[in-house]
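>>> Mind looking at a prediction? Sequence and model below.
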Amino acid sequence: MNLSKEDLLLEEKKLDETVKEIKRQIDDLGVNLTEEGAKLKEFQRLRWEIEQEMDKGERMAFVSDNDLKISILNEKTDRVRKLYKVKDNPYFASIIFNDEPIYIGISAVKKDMDYLVMDWRAPISSLFYDFELGEASYTSPGGTESGIITRKRQYLIENAKLKHVFDTNINIDDDLLQRVLAENSSDKMKNIVNTIQAEQNKVIRDEKSKTIIVQGIAGSGKTSVALHRIAFLLYKLEYLTSSNVLIFSPNDVFTEYISNVLPDLGEDNTLQTTYHSFASSFINEYTRVESYSSFVERYYKGVRQDNDIIRFKLSDAIIPALEKFATFYTKASRFIGDLEYKEQVIPIEELNQLLHERYDNKPLFERVSLIAEKINNRYYKGTAKDLIAITSRLYKIANFSKNYKEIYRSFFDSLIFTDIYPYMYRRNENIHNINNKIINYEDATPFIYLKCLLEGYPYQVHVREVVIDEAQDYTYLQYKILSRIFKNANFTILGDVNQTVNPYYHYDNLNVLLGIFKEKSTYLELNKTYRSSPEIIEYANQILGLSHVSAIRNKVNLPVIRRDLKDINHIGKDIVYLKNKYKSVAVITHTIEEAKLIAGELKKKYSKVSVIDIDTEKFSKELVVAPAYGVKGLEFDSAIIINNFSSDAYLYYVAVTRSQHELIVYE
């Protein structure tokens with residue numbers, strides 16, 4: 001709906017006043033920061049000059065005062081940073097609620113006691129995302145506030161100038177959303193604060209769930225939702241900082257791709273890791289843990305390997321087998337001699353009584369530590385040197401050792417394993433892999449679990465929020481371990497069972513994870529896709545026989561172009577055609593060998609060709625060549641797919657759903 005001339009003038013005036021106020025506050029804070037910075041330096045200089053004359057109480061008071069001044073200075077610096085970020089685009093929407101106009105932007109702007117702009121995460125701002133015109137309500141600190149929305153308005157502002165403004169009487173899957181969806185993709189993911197949909201907002205603002213599990217189809221905005229949820233929680237929870245949040249990303253490419261979103265929202269980037277990097281911190285018996293990308297690539301390269309044992313190691317069946325083995329190993333563990341140390345002799349009977357009765361509720365190796373501590377405290381006043389010596393002697397008189405490689409190997413030689421493993425066991429190949437310096441990805445999780453069963457979980461206290469993206473790539477055992485390591489953290493888990501690239505493991509439904517995360521857990525689904533055109537989604541649905549996936553983009557009447565694989569030489573003309581229309585083109589293959597072969601030919605003509613493989617961290621989206629598993633989670637304006645996927649339907653589905661506007665398939 002277009003605005004009247006009078007309304008447009010009022011909106012331009014509002015924008016001008018808001019921008020002027022932001023610039024005034026930036027100037028005032030800048031002067032204030034300069035003055036207070038100088039005072040702080042003088043304060044610290046004075047402290048160094050007179051510190052020797054202070055008593056302990058005065059020094060503590062001085063340190064406390066100094067810390068307070070630094071904290072205030074940091075808060076003001078942060079405020080300037082946020083104001084500077086929004087000075088040219090202070091808000092993107094407004095509503096009239098109970099006759100009160102409310103403007104909504106990335107950061108709040110306050111003048112005296114009045115809010116010129118509300119932060120998009122403020123409780124009242126949820127009205128914009130959750131309701132159409134008419135009756136509406138939101139939850140404030142004081143309780144539920146009800147009323148009437150009489151207007152919803154959206155803005156496109158660039159360089160402090162009003163480029164477009166319109167009223168809408170429906171939810172925001174309308175004009176502005178279609179404008180945003182029609183834009184070409186960029187090298188970095190963007191924030192979506194101006195187009196968050198009601199179903200996405202439900203995930204973002206959920207404060208009651210300790211764990212929220214989201215099954216979202218390709219292009220439903222799962223990753224964006226996760227990042228905006230983090231920004232919301234950082235705004236909402238006073239105790240939470242970016243250093244308390246840990247994001248598990250599928251690979252380094254993806255980590256780089258999402259790196260701008262939180263800063264765009266005025267927040268610092270959080271802790272980020274990949275599962276194999278995280279696992280490496282708990283496995284010091286190997287030089288490193290194989291990456292997930294390398295693990296997947298091994299399969300699609302057709303490397304000769306025992307796929308049956310790999311499938312078993314990743315299966316849920318290994319969980320009770322490892323638990324049974326750990327119990328058996330613990331029960332069979334004994335001290336086989338007296339402990340003799342510094343003229344003291346602890347008889348074998350007492351040692352085994354402590355091992356199997358006194359501390360029988362603890363993991364095996366924790367029991368040894370407790371026995372050593374007890375003996376040390378009883379006879380040697382608890383000195384660290386004696387504790388180390390006693391612990392060492394206990395292992396020398398035991399029929400077990402803390403050699404996890406040996407223990408893990410022995411699991412595969414045990415009757416517990418051979419009784420449940422239904423295939424021919426290629427022992428030499430398996431033992432060779434376990435003895436390597438690099439532990440295979442499929443071995444890392446069972447190895448960690450066995451360690452945890454025998455020595456306890458390495459509890460991480462500083463992490464309070466855990467986000468796991470591409471949730472379908474993690475096994476049930478991985479979630480079991482992570483839930484124990486971060487036992488007091490909240491979890492946001494997002495994935496799509498239809499985008500599984502792990503050839504050995506597949507979920508029918510992510511709601512099975514509710515069995516692990518039982519306390520205050522919520523399962524939700526996102527079945528609207530905002531990435532691909534209806535024509536591309538219709539083609540993608542046929543691959544897996546899906547019917548519930550709906551595309552929100554307007555039809556562009558660009559059908560999927562299907563060519564014969566024998567006409568592969570036509571690919572050069574297709575690239576020229578797509579590059580003339582779009583900023584980014586991806587050529588997606590089944591294997592890395594195919595990708596490198598095509599990239600080699602393209603580099604003869606184009607200077608910017610990015611190949612995404614297991615070592616890639618940064619790339620340009622202008623012209624990308626990659627296997628499908630390398631571009632999962634990414635999106636491109638257009639794509640060409642070399643369909644050698646044969647029976648790998650899920651991987652092919654991933655490939656097809658990377659394209660936003662136009663798709664060409666060589667079948």
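Thanks, I have the structure now. The model shown is predicted, which means the values in this text are computed figures rather than measured ones. Numbering: from 1, shown residues only.
>>> Give the next helix or strand downstream of the helix or strand bottoming out on mean pLDDT in the chain.
When the helices and strands of the chain are scored by mean pLDDT, DSSP states H and E, helix 175-182 comes last with a mean of 55. If you walk from helix 175-182 toward the C-terminus, the next helix or strand you reach (DSSP states H and E) is helix 198-204.
>>> and for that following helix, what are the contacting residues?
Residues lying outside helix 198-204 but in contact with it, judged by CB atoms under 8 Å, 6 or more residues apart in numbering, are 126, 129-130, 171, 192, 196, 212, 214, 221, 224-225, 228-229, 232, 492, 524, 526, 528. C-beta: built from backbone N, CA, C; applies to glycine.
>>> Give me the subset of these that lies in helices.
Secondary-structure check on these using DSSP state H: residues within helices are S126, Y129, D130, S224, V225, H228, R229, F232.
>>> Would you mind putting the residues you listed into CSV with distance to V466 and neighbour count alongside?
As requested, the ones in helices among the contacts of helix 198-204 are arranged in CSV below (distance: CB to CB, whole Å; neighbours: other CB atoms under 10 Å):
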residue, distance to V466, neighbour count
S126, 24, 23
Y129, 25, 22
D130, 26, 18
S224, 18, 21
V225, 15, 25
H228, 16, 25
R229, 12, 22
F232, 16, 22
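>>> Let me know the closest of those to Y257.
Within the set of these, S224 lies nearest Y257; the separation is 11.5 Å, counting by CB to CB.
>>> ok, now how distant is the closest residue to Y504 other than its chain neighbours from Y479?
The shortest distance from Y504 to any non-neighbouring residue, by CB to CB, 6 or more residues apart in numbering, is to R311 (4.5 Å). Computed as CB to CB, to the nearest Å, the R311 to Y479 distance reads 18 Å.
>>> When those two are compared, which one has more neighbours?
Residue environment comparison for R311 versus Y479 gives the larger neighbour count to Y479, 20 against 15, counting by other CB atoms under 10 Å.
>>> Mind listing what's buried along whichever strand or helix holds that one?
Secondary structure here is read from DSSP H and E; on that basis Y479 sits in helix 476-485. For helix 476-485, the buried set under the neighbour-count rule, 16 or more other CB atoms under 10 Å, comprises Y476, L477, Q478, Y479, K480, I481, L482, S483, I485.
>>> how about the nearest residue to the fifth one, chain neighbours excluded?
Nearest non-adjacent residue to K480, counting by CB to CB, 6+ apart: I516, 5.7 Å away.
>>> which regions of the chain sit below the pLDDT cut-off?
When the per-residue scores of the chain are filtered using pLDDT under 70, the ranges that remain are 1-2, 31-71, 169-187, 548-550, 553-555.
>>> Could you tell me how far A639 is located from S281?
A639 is 36 Å from S281, where distance means CB to CB.
>>> which of the two has more neighbours?
For the pair A639 and S281, the greater number of neighbours falls to A639 (28 against 11), based on other CB under 10 Å.
>>> That one should be in a strand, yeah?
Yes - using DSSP: H, G, I helix; E, B strand; the rest coil, the assignment for A639 is a strand.
>>> Report the beta-bridge partners for it.
Using DSSP bridges, the beta-bridge partners of A639 come out as A586, L663.
>>> ok, it touching H661?
No - under the criterion of CB atoms under 8 Å, A639 lies out of contact with H661, with a separation of 9.3 Å.
>>> So which bits of stretch 120-133 are buried?
Residues of stretch 120-133 classed as buried under the neighbour-count rule (16+ other CB under 10 Å) are 120-131, 133.
>>> JSON lines please, covering the residues you listed and showing distance to R358.
Rendered in JSON lines, the data for the buried residues of stretch 120-133 read as follows (distance: CB to CB, whole Å):
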{"residue": "W120", "distance to R358": "57"}
{"residue": "R121", "distance to R358": "52"}
{"residue": "A122", "distance to R358": "56"}
{"residue": "P123", "distance to R358": "54"}
{"residue": "I124", "distance to R358": "59"}
{"residue": "S125", "distance to R358": "58"}
{"residue": "S126", "distance to R358": "55"}
{"residue": "L127", "distance to R358": "61"}
{"residue": "F128", "distance to R358": "62"}
{"residue": "Y129", "distance to R358": "58"}
{"residue": "D130", "distance to R358": "57"}
{"residue": "F131", "distance to R358": "62"}
{"residue": "L133", "distance to R358": "70"}
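>>> what ranges do the strands span in the stretch 251-400 of the chain?
With DSSP state E, counting those that start in this stretch applied, the stretch 251-400 of the chain shows strands at 271-273, 288-289, 339-341, 344-346, listed in chain order.
>>> Now distance to K396 and mean neighbour count too, for the ones you listed, in a markdown table please.
Putting the strands of the stretch 251-400 of the chain into a markdown table (distance: least, CB to CB, whole Å; neighbours: other CB atoms under 10 Å) gives the following:
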| stretch | distance to K396 | mean neighbour count |
| --- | --- | --- |
| strand 271-273 | 38 | 16 |
| strand 288-289 | 31 | 20 |
| strand 339-341 | 9 | 16 |
| strand 344-346 | 13 | 15 |
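>>> which one of these lies closest to T591?
Closest approach to T591 among the strands of the stretch 251-400 of the chain is made by strand 288-289 (23.2 Å; CB to CB).
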